[in-house]
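Visitor: Here you go, sequence then predicted model.
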Amino acid sequence: MFEPYCIICKSKISFGKIVCENCLKKTYAPSLTEGDFKVYHYGKYEEPLSQLITEFKYNSHPKIGKIFGEKLASLFLKLNFPALNYYVSYVPSNYISKFEKGFVPAKLIAIYFSSILGFPLIDLFISKALKKQAQLSYKQRSKNVHNKIRLIQSPPENIIVVDDVYTTGSTMNEIANLLENKCEVIIGLTMAKTIHNHSL
Ligand SMILES: O=P(O)(O)OC[C@H]1O[C@H](OP(=O)(O)OP(=O)(O)O)[C@H](O)[C@@H]1O
Ligand SMILES: Nc1ncnc2[nH]cnc12
C-alpha cells in the first residue's frame, strides 16, 4: 500500500501530511528586521525551510501554503500585538510569476493566516515589476521593484503584510513607501529571512 513520505527527510508520515513534525520543528528560528516598519520572520532561508519554500513555490505544492499560514498565525499570536482591527494583505507577484505558477504564493499564505485569525484579507497591491526578485542579484533588486508596486485601493488603518521570503528588503521597502502616512500600524510577516551574502 502507498505510504506517504516527508518531502524533506523521506521518513514515513501519516496520510494527508506532506512534511514530518521533526523537519517542521527545524524551520523555527524567528527574527526581526527593523526598517520603515517591523518585519518579523518565522525562520531562516536555509534548509529545511528553504527546501519547503522551493517545493511550495516552484514544485506545485500549494498545500504547504496552509502550513505556512498556520505557522505565521502561531508566530503572530506569540508576539502579543495589541488587539486592533487588523486587515491582512500580501506582497504581490508580477504578471510573469503569476502566469508561470498559476497562483500568488504570498496570497495563499495570507488566505490561511487571515482565516485562522479572523482578520479580513484585502487585495491591496499589484506589481508591475518586469522580473522576479529571486532571479536577480542583490544589487539589481531595488531597481527592479522601485515604483513598480502600486496600491489598488486605499489602505486600512492597521495592516499586516505577508510574504514568503525577505531577502534584501527592497520589496518591503516599496510597500513601506506606499503605506507611509496612510496607516497607523503596519506589521510585516514573512516565513523566511535570507542571511545575506554581501558579495552577491
Ligand atoms: O527582499 P527582496 O530582495 O526584495 O526579495 C523578496 C521578494 O522576492 C521574492 O519574490 P519574486 O519577485 O522572486 O516573485 P514570486 O514570489 O512571485 O516568485 C519573494 O517572494 C519576495 O516577494
Ligand atoms: N524565493 C526567493 N525569494 C526572494 N529571494 C530569494 N533568494 C533566493 N530565493 C528567493
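Guide: Yep, that arrived. Numbers count the residues shown, from 1 in each chain. Ligands and ions are numbered 1, 2, ... in the order given.
Visitor: Distance of residue 174 relative to ligand 1?
Guide: Separation of residue 174 from ligand 1 (C-beta to the nearest ligand atom, to the nearest Å): 8 Å. Backbone N, C-alpha and C define where each C-beta goes, glycine included.
Visitor: next one: residue 38
Guide: 15 Å.
Visitor: neighbours of the residue nearest to that residue when sequence neighbours are not counted, just the number please.
Guide: The shortest distance from residue 38 to any non-neighbouring residue, by C-beta to C-beta, 6 or more residues apart in numbering, is to residue 32 (6.0 Å). Using other C-beta atoms under 10 Å, residue 32 has 11 other residues around it.
Visitor: Check the gap between residue 32 and residue 173 for me.
Guide: Noted for residue 32: a distance of 16 Å to residue 173, by C-beta to C-beta, to the nearest Å.
Visitor: ok so residue 160 is a helix residue?
Guide: No: counting by DSSP: H, G, I helix; E, B strand; the rest coil, residue 160 is not part of a helix but strand.
Visitor: for it, what are its contacts?
Guide: 76, 86-89, 113, 119, 187-189 (C-beta atoms under 8 Å, 6 or more residues apart in numbering).
Visitor: same question for the lengthiest helix in the chain, mean pLDDT?
Guide: The longest helix of the chain (DSSP state H) is helix 63-78. Averaging pLDDT along helix 63-78 yields 97.
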